[in-house]
Structure formats: structure tokens, C-alpha cells
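[1] sharing a model that was predicted from the sequence below.
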Amino acid sequence: MAQNAKNLFYSDMAISFTGNVGPKNHENKPLGLVYIALAYNNKCLVYEYQLSGNRKQIINKCVKLTKELIKENLK
């Protein structure tokens, strides 16, 4: 998704999220299992996390993690 978004919008970087943030399990995936993809330059990096909390907390944690990943990868 991230790579396609980067190409579609002719951007330098794109991110995407997928996973199960609740409120209940979906497709037999554990609650809180999320993936964050970061596409930039000629790379597409995918990170897997098992987060805890309610739906809103998990979403907020994803956003915070994404900000950190962007900072790390742009150094």
C-alpha cells in the first residue's frame, strides 16, 4: 500500500497501516497486531508490532511509532 501510494501521488515518501485494532478479533488475528510500512527512495520497509490497549490507544500508538520510524529513517 505504501509503495503504491508513493507512486500514485508522485511523493517522496508514503506510509501505510494495517492490522487489527479492535474492538474484537478479525480474521483470527490477535487484537493489537499491526503493520506499518514506510516507502521512500527505493525502499519499502515493513514493521510488525503487537500493541495493547483499546482501539483508540492502539491507533495513537501506531501514529507515535510512525513518527519515530520516519525520524529514524531520515537521519
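    Received the coordinates, thanks.

[2] residue 36 contacts residue 15, correct?
    Yes: with contact defined as C-beta atoms under 8 Å, residue 36 counts as touching residue 15 (6.7 Å). Backbone N, C-alpha and C define where each C-beta goes, glycine included.

[3] what is the top helix by length along the chain packed up against?
    Determined from DSSP state H, the single longest helix within the chain is helix 55-73. The elements that helix 55-73 packs onto, with contact taken as 3 or more C-beta pairs under 8 Å, 6 or more residues apart in numbering; DSSP states H and E, are strand 13-19, strand 33-40, strand 43-50.

[4] and the ones you listed as TSV, adding mean neighbour count, mean pLDDT and distance to residue 6?
    Formatted as TSV, the helices and strands packed on helix 55-73 follow (neighbours: other C-beta atoms under 10 Å; pLDDT from 0 to 100; distance: least, C-beta to C-beta, whole Å):
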stretch	mean neighbour count	mean pLDDT	distance to residue 6
strand 13-19	17	95	4
strand 33-40	19	96	5
strand 43-50	12	96	8
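
[5] would you turn those into TSV with distance to residue 3?
    Formatted as TSV, these follow (distance: least, C-beta to C-beta, whole Å):
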stretch	distance to residue 3
strand 13-19	7
strand 33-40	4
strand 43-50	5
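
[6] so which of these gets nearest residue 57?
    Closest to residue 57 of the helices and strands packed on helix 55-73 is strand 33-40 (C-beta to C-beta; 11.9 Å).

[7] list the pairing partners of that closest one within its sheet, with orientation.
    strand 13-19 (antiparallel), strand 43-50 (antiparallel) (DSSP bridges).

[8] what angle do the longest one and helix 55-73 make?
    Just to be clear, that refers to strand 43-50. Strand 43-50 and helix 55-73 are oriented at 140 degrees to each other (axes from the mean of the first three to the mean of the last three C-alpha atoms, to 10 degrees).

[9] run through who's touching strand 43-50.
    2-3, 30, 32-39, 61-62, 65, 69, 73 (C-beta atoms under 8 Å, 6 or more residues apart in numbering).

[10] for it, the distance to its chain's centre please.
    Distance, stretch centre to chain centre, for strand 43-50: 7 Å (C-alpha atoms, centre = their mean, to the nearest Å).

[11] many thanks, we can stop here.
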